[in-house]
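In: sharing a model prediction with you, sequence too.
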Amino acid sequence: MNKKLLLIIFAALAFSACKKDFLDTKPTNAVPDDQVFSTADNVETVLNGTWSYMFEEFFSYAVPGYKSINLTSDAMGSDVAVISSYGFSAAYGYTEMNDNTKNRVSAYWTILYKVIDNCNNIIARVDNATGDDSKKQRLKGQAYALRANCYLTLASFYQFNKTGAEKAVPIYTTPSGPTSVGKPKATIGEVYKLVIDDLQKALPLLKDYQRSGTQKWKIDASVVNGLLARAYLYNRQWPEAITSAIAARNGYPLMSGDEYNKGFSDISNGEWIWGHAQTPNQSNASYNFHFLDVSTPASYYQSFMADPYFKNFFDSADVRFRLFDWDTLPDQEGFLRYKKFRFRDPGALIGDLVLMRSAEMYLIEAEAYAQNGNTGKAAAALNVLRDARSATHYTGNGSHLVDTILVERRKELWGEGFSLSDIIRTGGTVVRKPFLSYNGQDSIIRVPRGDGSFVEVAGQGHQTLKQPDGTAFTPYSNFYLFAIPITEVQNNPNLNN
Amino acid sequence: MLQRLLLSLLLFGPLAIFAQSRTVTGRIYSAKDNTPLPGATVVVKGTTNGTVSDPNGNFTLQVNDPAATTLVIRFVGLESQEVPVSTTPLNISLKSAGKDIDEVVVVAYGTAKKNSYTGSVATIKSDELVNRQVSNVTKALQGLAAGVQSSASSGQPGSEATIRIRGVGSINASADPLYVVDGVPYGGSLSAINPYDIESISVLKDAASSALYGSRGANGVIIITTKKGKKGGNNIDVRVSQGYSNRAVKDYEKVSTDQYFQMYWEALRNAGLTNGLSPTTAAAQASSNLVRRVGINPYGTAFPQPVGTDGKLVSGAKPLWDDSWNDAMQRTGHRTEADLNISGATDKSRYYIAGGYLDDQGIYLGSGFKRYNVRSNVELDAKKWLKVGLNLSGAHSDQQAPPSEDSRSDNYVNYGRLMSNFYPIYQRDKATGQYILDANGNKIFDFGSYRPSADNPNSNLVATSAIDKHNVIRDDVSARVYGEATIWRGLKFKSSYNADYTNRQSHDYTNPTLGFDAEVGGTVEKATYRTFSWTFNNLLTYEETFNEKHHLSLLAGQEAYKYQTTFMDGQKSGFSLPGLDELSDASLIKDLQGYTDTYTLSSYLGRAEYDYEGKYFLSGSLRRDGSSRFAPNRRWGTFWSVGASWKLTEEKALKNVSWLDLLTLRASYGGQGNDNLGPDSYYNYYPLLEVNSNLGEGGTYRRFLYNPLLKWETNLNFNAGVDFALFNNRFSGTLEFFQRSSKDLLYSKPLAPSLGFGSIAQNIGALKNTGAELTLHGIPVKTKDFSWAIDLNMTRYRNKVTELPQKTIISGTKRLEVGKSIYEFYLRQWAGVDPNTGLPQWYVDKADGSKGITNNYSSASLYGSGSSLPDVYGGITNTFNYKGFSFSFLVAYSLGGKVLDQDYLFLLGTGTSPGRPFATEMLNHWTPDNKNTDVPKLTTINTNWTSVSSRFLYDASYARLKSVNLSYNLPALWMEKAHLHNVMIYLQGENLFTLYKHKGLDPEQSIGGTTYYRYPAIKSLSAGINLSF
């Protein structure tokens, strides 16, 4: 008995005191970074994981990842009349994105810079990894492009680009470490230069890369060209914008009218150049459809209604016109639904997210030609798109052509995130008028129903008609810009240096 | 005998002397109450050969000198006694010396006598705990011990209270005390411990008492000791009680339907005016849009526009229904508790076997807590020199915990609060307001697809609370196995293996047909959280008295600890059929994840205690810990303490002062550590990428920034105190002063988020908690049949940041600044409503340094706005005894400090969320006729008025009648006839009355003064009976 006790005591003493690695514990859901950056295959996981973070991380249900930046952009434009339900109504009322204390403000900043840091890690470390050289090149190119996309988003929403000298946002091109400190704001010109440099570096690195047709979230040369087209357009480099836009859309023909009416939620759409797919077990990003989708019963908030005046931009043969539907449901009677976005699978509540498509490239081409004075080519590019949408041709003499193209962008890209960034980059103005009769009474709409009968409803338009301080919307209003979050202001002593 | 020698030989090498020796065994009792006396010294007269009695009063002494004839038995405060050496077991009872009555308290790795102990310990006895109707032992600590700050922020049955001992010693690292059960750090769930099984709770507050727990003792230690069998045959105790519970304080008051509709009209009209509409158009639009925005017309179809363009209800309009969702979401809870235990002792064994049952139904629908407990504590004297014990406990609990403390829209507490009474609970006829009935004549729940999104469309928790599930099942098993061998005289070796196992499984289910998730066919989530922890320790102790004057006690040992948690979570949606609620029954996998985390600690420890003639006491301890949470070159920390006490009443000059029974002075100083950066923070020193796959491909990304330089947070703790007892112990007390200085604080330092990371774990700065505690006990009245006792404790402390690497650090609603408390609110300052425009205003620092006013919230300046920490807190207990009756009540109080009520903000919207109720305070909103008010004008345009500001900072002071207890012991005469030892019947109340200022919010919120839609405290009343036989 006592011998046993002795044995136990000694064995236990030896066991617990002598095991040297007793204090070396490891996680099971994270990997040491030296292991990750050791091989090209492992580095690829960083690209995947970062992408997944970018799109799938919830900051709140109203901020379902990166794609909700696009929704915010439209909520702050002229054509979406956001109803006062959960989500984007504060952004719509211009009381959110200019307020540096708001969660949405800090969320977008966080998403963009976290992705930038991860890209910086790949760019800095992939060369030293073992593995196939062409793969390393491709990864580096994709990291450059993803980083450029983040800085382009920052450039689009955080500052006007009147002279290029406006102070905008900080630039980081190397990985942050435990002792890193915040950087000062760079000028908007410097940010655009970085975006274009990064994309120019990415292009040759991706020239041989062929992605699978079902993996349109992977960045290839077409995506890089599309991003370049955007960057050049926003930075008013017209000829370059034209070249890049044409290169980007190559291989992505415009969709048919029927396809346009299919809900904008299927990545297999031939016109999509870049998108993010959703599956039942990776579906956080689909949450964006709860705001955009105003016709699927399972959609929670259905808040992105159309401004009734927006309807007037279309002629009735336009395939896009078919998507308008006055709502007669008792709970949202009188709202004008624009049923462009619908869940791909309403049972699983999933829908793929569009990030770039050919139509935008035609519009970039048209706008850049128009800005450059080539009315003919501008009109031609515009009419290719109008043809595809069964809309009447542009036959004007070129006056107001740029304005026409900007309106066409609103019509074609509604809900895809370009409203506010177009207003910011072009010095435009938000236009919101009350939808009332001439004498200030309700505007009564007769809505045809399926059975041939008509229902009369009071049409509902914009609820926010002025800036929150009661002043009218003006070009270059500070209410349009996204604020830098208060946590950055408080914790970055160099921000304004 | 031979084996024991062999053991000694093996461990300590050959001993020189073997002699013919006698073994004396025995047990020492206190003559007063016949309880065993641990720590009494037994010495062979005229020698230094002696020993000390163990926790059960037993002693074994080798007498090697054949000439020895007499033993001297001593215990502080009792008369010493001499008995002849004998080989038959001795039973010795010591009489009181007529002075102080000493108390044995449980401290780190042993016990101590309270009146001479160098450290600071507060104890709570079992009889104070059984007076409480709590499902979680932490909730019973409030108001009972000085220095213990407790806040039961949730009334959800089974939930824990937050405990802080002597201030808040950490900022981001856990500031929770270390819980120790039966001598070993506890890794199980606190809710698994049946308060009825607890013999005593010791709260170790200073370094001398807790430094031996080293790295984990920085924020104090709470030692829970479970019951053991006591002397004398078998005892059976049975206790059964039944009770009822309700909300302790009323919820916020809200406006009526009539008021609401007129107010919402005004909000719409005002927004129209701001949007540039003419007054006539704005008014007409408001009348036209009102019902559409709110979603329903409770005035019936006869009044399609219930509010006219004058903003008044049209004549004749009356709401056809008024359904209180808040009432419908609540009920009177029912509580049943039953306990049974059998305990006793024989010469060589002590045992305690118990079982318990608790059913504590919550006051909100679908909430409750059921627990089944068993415990068996057995100790055997296996050999004369060997004692073994096993404490084994098991608990199974089933908690129904619907969402609360959660910003989800299906938070059961918030749901009823945020639903307006004009949304019907059951479907109503839109014209008459009559209930619509189904084919069987039953009312039909209204799921309100028409409700605006601020008012939970397509849901009805009153209906679905009975179908949906939010269950947490816990299984807890705890084992404490130990063996203690007396190797040679006072030298003992104790080895123990201790394991705590918990398995927590949550099961959340929403049904496929009704409510929030009907559209996706219902959802189910099952998560398992398994933890297994063990502590293995080996201790050598040596105790000896030299020359009858010098008493020495030494301890040295080694300890290893391992804690492993395994998490697994699966979510699915889309049930094939209604009525099924498990993962297998749903069709679509939404999420599936799992991981394991491991935390280890390796330690070496030692302690020395010395006293001279029971007058002067010295203690010192040292511990070295290595923690897996830090890099190999930073992981070892050294923790220590020194302490001294002087028992003045043992000095000749005071020994004969008749009115003074006790006077002890003591002081201690030492350093403890903290490595607990919080849950899920195990590897912060290590550069890691988190796994995050994407669309079927492996993925990783950098989520957290690592810091290889991380190390222990250190807490330097000074304590000085005086204990006294006067007038034959009728009046006694303790006054203590403490200063806890924490440095190298483990802090999640906010970073510029543009770096890609919002924060980094760092050791930064220092803070100090300085305070004083007073505990008083008095018996103002004591007659033959009647007595009245008062126990009072109060604590006052100041929490101050003393060092920071930068001037200030802002984090959420708080700002760290040298000289201020860590819970100093840092908020925009409310500057009232602009009397001309009705818009909210805040103060702003202008460029020239003067203070201005702005109605742009984000440009307003932030200012220090006071701390959430109370000025003073504590409790007062009054106990009255008259013959067999006993009546006692405890008032817990917390005075000073502020709370930022963000729960209330939901009810203070100016109209931005249509349909959401207004608090009655909103009736005082600005209008051109009511310009001097601090409630702005109503408008559907967001004015940021409900954004956090000093406007919503309220005084957090309160006093709460925590418990009331009335009991009656049936006369002994009757007992004998029934062969019972005792029968007691009792009535208990909990939280019956609360004094507080800011109505609507339960005053017990988080220590940091923030709210989070919590389950409010409940008040309850129950009656019970206690039998022993």
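Out: Perfect, I can see it now.
In: residues touching A:Lys162, list them.
Out: A:Gly427, A:Tyr476 (Cβ atoms under 8 Å, 6 or more residues apart in numbering or on different chains). For glycine as for every other residue, the C-beta is placed from the backbone atoms N, C-alpha and C.
In: oops, could you answer that again for B:Thr565 instead?
Out: B:Tyr529, B:Arg530, B:Thr531, B:Thr596, B:Asp597.
In: the last one contacts A:Pro27, correct?
Out: Yes: the pair formed by B:Asp597 and A:Pro27 meets the contact definition of Cβ atoms under 8 Å, at 6.3 Å.
In: tell me, what's touching those two both at once?
Out: Shared contacts of B:Asp597 and A:Pro27, counting by Cβ under 8 Å, 6+ apart, come down to B:Tyr682.
In: next, count neighbours for the residue of the stretch 551-700 of chain B found nearest chain A.
Out: Nearest residue of the stretch 551-700 of chain B to chain A (Cβ to the nearest Cβ) works out as B:Gly699 at 3.1 Å. B:Gly699: 22 surrounding residues under other Cβ atoms under 10 Å in any protein chain shown.
In: what's the answer for B:Lys526, then?
Out: 18.
In: that one is in what secondary structure piece?
Out: For B:Lys526, the host element (DSSP states H and E) is strand B:523-546.
In: report all helices and strands that that strand contacts.
Out: Using 3 or more Cβ pairs under 8 Å, 6 or more residues apart in numbering or on different chains; DSSP states H and E, the elements in contact with strand B:523-546 are helix A:2-18, strand B:50-52, strand B:184-185, strand B:491-510, strand B:550-575, strand B:586-612.
In: just name whatever secondary elements the third one is in contact with.
Out: Put plainly, it is strand B:184-185. So strand B:184-185, by 3+ Cβ pairs under 8 Å, 6+ apart, packs with strand B:523-546.
In: quick one, domains of chain B?
Out: Annotated domains of chain B cover B:22-94, B:257-321+B:909-944 [the TED database].
In: any of the contacts of B:Thr565 buried? List them.
Out: Taking 16 or more other Cβ atoms under 10 Å in any protein chain shown as the criterion, what is buried in the contacts of B:Thr565 is B:Tyr529, B:Arg530, B:Thr531, B:Asp597.
In: now those residues as JSON lines including pLDDT?
Out: Converted to JSON lines, the buried ones among the contacts of B:Thr565 look like this (pLDDT from 0 to 100):
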{"residue": "B:Tyr529", "pLDDT": "93"}
{"residue": "B:Arg530", "pLDDT": "94"}
{"residue": "B:Thr531", "pLDDT": "93"}
{"residue": "B:Asp597", "pLDDT": "92"}
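In: rewinding a little: got TSV for the helices and strands packed on strand B:523-546, with distance to B:Asn91 too?
Out: Output for the helices and strands packed on strand B:523-546, formatted as TSV (distance: least, Cβ to Cβ, whole Å):
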stretch	distance to B:Asn91
helix A:2-18	29
strand B:50-52	16
strand B:184-185	32
strand B:491-510	22
strand B:550-575	23
strand B:586-612	26
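In: and the longest helix seen in chain B, what does it pack against?
Out: Ranked by number of residues, the top helix in chain B under DSSP state H is helix B:257-274. Counting contacts by 3+ Cβ pairs under 8 Å, 6+ apart, helix B:257-274 packs against helix B:279-294.
In: export only the CA atoms of whichever helix or strand comes after the helix it packs on, formatted as PDB.
Out: Once the chain leaves helix B:279-294, the next helix or strand it forms, by DSSP H and E, is helix B:325-328. Presented in PDB, the C-alpha positions along helix B:325-328 are these (Å, rounded to 0.1, in the frame of the first residue of the first chain):
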ATOM      1  CA  TRP B 325     -46.600  43.300 -23.900                       C
ATOM      2  CA  ASN B 326     -44.400  44.000 -21.000                       C
ATOM      3  CA  ASP B 327     -46.900  42.300 -18.600                       C
ATOM      4  CA  ALA B 328     -47.500  39.600 -21.100                       C
END
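In: helices or strands up against the following helix or strand past helix B:325-328?
Out: Using DSSP H and E, the next helix or strand after helix B:325-328 towards the C-terminus is strand B:333-345. Here strand B:333-345 touches strand B:233-247, strand B:349-361, strand B:1018-1028, going by 3+ Cβ pairs under 8 Å, 6+ apart.
In: nearest to A:Gln159, out of the ones you listed?
Out: For the helices and strands packed on strand B:333-345, proximity to A:Gln159 was assessed by Cβ to Cβ; strand B:233-247 is nearest, at 52.0 Å.
In: partners of that closest one in the sheet?
Out: strand B:333-345 (antiparallel), strand B:1018-1028 (antiparallel) (DSSP bridges).
In: tell me the buried residues in the first one?
Out: It stands for strand B:333-345. Buried residues in strand B:333-345 (16+ other Cβ under 10 Å): B:333-345.
In: got the buried residues for stretch A:401-412?
Out: A:Leu401, A:Val402, A:Thr404, A:Ile405, A:Leu406, A:Glu408, A:Arg409, A:Arg410, A:Lys411, A:Glu412.
In: between those residues, which is closest to chain B?
Out: Of these, the one sitting nearest to chain B (Cβ to the nearest Cβ) turns out to be A:Arg410, at 21.9 Å.
In: and that closest one, how far from A:Leu420?
Out: Using Cβ to Cβ, to the nearest Å, A:Arg410 is found at 11 Å from A:Leu420.
In: pLDDT score for the residue nearest to A:Tyr234 when sequence neighbours are not counted?
Out: The shortest distance from A:Tyr234 to any non-neighbouring residue, by Cβ to Cβ, 6 or more residues apart in numbering or on different chains, is to A:Arg425 (4.9 Å). On pLDDT, A:Arg425 comes in at 95.
In: which residues in the stretch 51-200 of chain A form strands?
Out: Applying DSSP state E, counting those that start in this stretch to the stretch 51-200 of chain A gives strands spanning A:80-82, A:167-170, A:185-187.
In: tell me the pLDDT of residue 6.
Out: This is for chain A. 60.
In: ah, no, chain B please
Out: 41.
In: separation between the residue nearest the centre of chain B and A:Val430?
Out: Nearest residue to the geometric centre of chain B (Cα atoms, centre = their mean): B:Ala161, 2.7 Å. Distance check for B:Ala161 against A:Val430: by Cβ to Cβ, it reads 52 Å.
In: ok, B:Ala40 next?
Out: Taking Cβ to Cβ, one finds B:Ala40 at 87 Å from A:Val430.
In: does any part of stretch B:473-485 sit near chain A?
Out: Yes: applying Cβ under 8 Å from any Cβ of the partner chain, one finds stretch B:473-485 touching chain A at B:Gly483, B:Ala485.
In: wait, what's in contact with residue 151?
Out: The chain I'm using is chain A. A:Ile116, A:Val169, A:Ile171, A:Val191, A:Leu194, A:Val195, A:Asp198.
In: let's do chain B instead
Out: B:Gln142, B:Ala161, B:Thr162, B:Glu1004, B:Gln1005, B:Ser1006, B:Ile1007 are the contacts of B:Ser151 under Cβ under 8 Å, 6+ apart.
In: can you count the residues close to the fourth one?
Out: Counted with other Cβ under 10 Å, the burial measure for B:Glu1004 works out to 28 neighbours.
In: contact partners for it?
Out: B:Glu1004 neighbours (Cβ under 8 Å, 6+ apart): B:Ser151, B:Ala152, B:Ser153, B:Tyr958, B:Arg960, B:Ala1017.
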